[in-house]
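Engineer: mind folding the following:
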Amino acid sequence: MTSPDAPRPSGPTGPGAAPGHGGPAGPGGVPPRNDPAPGRTAGRPAPQRERHTGRAVGRTLALALLLFVTVVLVLFVVFNTQSVEISLVFGNVTAPLVVALVIAAVLGGLLVGLAGLASRARRRKD
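Structural biologist: I've put the predicted structure just below:
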């Protein structure tokens, strides 16, 4: 006895039916997948649910890191107020240690940025 919701086999299913044909199972006893899952279209994967909690955690960690770095930099500036003599190619300059270190950091960042741009341009050219 079959329920009204159960799929009905198509084709011959009796003892004289050709092997591998007909019946609820297709060739090799594997049921055919003719109907896509409910709410899906054939050939398209189910849409993945976005995870907003990961973004929120990442933003919170980034904000905490930014706050930590800001506090460390402020303390760095406060504790490095002594003046130092900086020897340049064209002369000597006296400046606070913090200024010298910040200028060195900015120039280092510019060099790294230019190296990255050159590398990207070379990859695009190839």
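Engineer: quick one: contacts for residue 96?
Structural biologist: Residue 96 makes contact with 80-84, according to Cβ atoms under 8 Å, 6 or more residues apart in numbering. Any C-beta I mention is one placed from the backbone N, CA and C, and that applies to glycine too.
Engineer: kindly indicate which of those lies nearest residue 59.
Structural biologist: residue 80 (31.5 Å; Cβ to Cβ).
Engineer: and that closest one, how far from residue 66?
Structural biologist: As defined by Cβ to Cβ, to the nearest Å, residue 80 lies at a distance of 21 Å from residue 66.
Engineer: looking at those two, which one has more neighbours?
Structural biologist: More crowded of residue 80 and residue 66, by other Cβ atoms under 10 Å: residue 80, with 15 against 10.
Engineer: isn't that one right up against residue 97?
Structural biologist: Yes. The criterion here is Cβ atoms under 8 Å, and residue 80 meets it with residue 97 at 4.5 Å.
Engineer: mutual contacts of these two, please.
Structural biologist: Counting by Cβ under 8 Å, 6+ apart, nothing touches both residue 80 and residue 97.
Engineer: and the host helix or strand of residue 123, what other elements does it pack with?
Structural biologist: Residue 123 belongs to helix 97-125 when assigned by DSSP states H and E. If you count contacts as 3 or more Cβ pairs under 8 Å, 6 or more residues apart in numbering; DSSP states H and E, helix 97-125 packs onto strand 83-87.
Engineer: again, only using 6 Å
Structural biologist: For helix 97-125, there is no helix or strand it packs on, judged by 3 or more Cβ pairs under 6 Å, 6 or more residues apart in numbering; DSSP states H and E.
Engineer: what stretches of this protein score poorly on pLDDT?
Structural biologist: Of all residues in the chain, those with pLDDT under 70 make up the ranges 1-52.
Engineer: now with 80, please.
Structural biologist: Scanning the chain for pLDDT under 80 picks out 1-55, 77, 80, 126.
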